[in-house]
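Engineer: just to be clear, the model below is a prediction. Sequence and coordinates:
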Amino acid sequence: MCVAIPGLVKRIIDEFEFSRMAEVEFADGIRSVDLVMTPDAGAGDQVIVHSGYAIRVVAHIES
């Protein structure tokens, strides 16, 4: 069984050739997540995260 949870991208931390790290807020706190599989994700987007990687952008939230 695969468990993936939604989180809110707060900010991009670092961008490398094969990695794009962001701070993502979850119900229990903020964690570092790799956005390499979701290149269009940015601050304010909700993403689905599995094993430390964002695997899908769910929605864009306007501030």
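Structural biologist: Ah, there it is.
Engineer: quick one: contacts of the longest strand seen in the chain?
Structural biologist: As assigned by DSSP state E, the longest strand anywhere in the chain is strand 5-15. By C-beta atoms under 8 Å, 6 or more residues apart in numbering, the list of residues contacting strand 5-15 from outside reads 20-26, 30-33, 35, 41-50, 54, 58, 61. To be clear about C-beta, it is placed using only N, CA and C from the backbone, and glycine gets the same treatment.
Engineer: mind listing the strands for this protein?
Structural biologist: 5-15, 20-26, 29-34, 45-50, 53-60.
Engineer: what's the offset of stretch 41-53 from the middle of its chain?
Structural biologist: 2 Å (C-alpha atoms, centre = their mean, to the nearest Å).
Engineer: among the contacts of strand 5-15, which ones are buried?
Structural biologist: 20-24, 33, 35, 41, 45-47, 49, 54 (16 or more other C-beta atoms under 10 Å).
Engineer: which two from these end up farthest apart in space?
Structural biologist: Largest separation among these by C-beta to C-beta: Met21 and Gln46, giving 17.4 Å.
Engineer: so for the closest residue to Glu25 other than its chain neighbours, what's the pLDDT?
Structural biologist: Nearest non-adjacent residue to Glu25, counting by C-beta to C-beta, 6 or more residues apart in numbering: Leu8, 4.6 Å away. Model confidence at Leu8, given as pLDDT, is 96.
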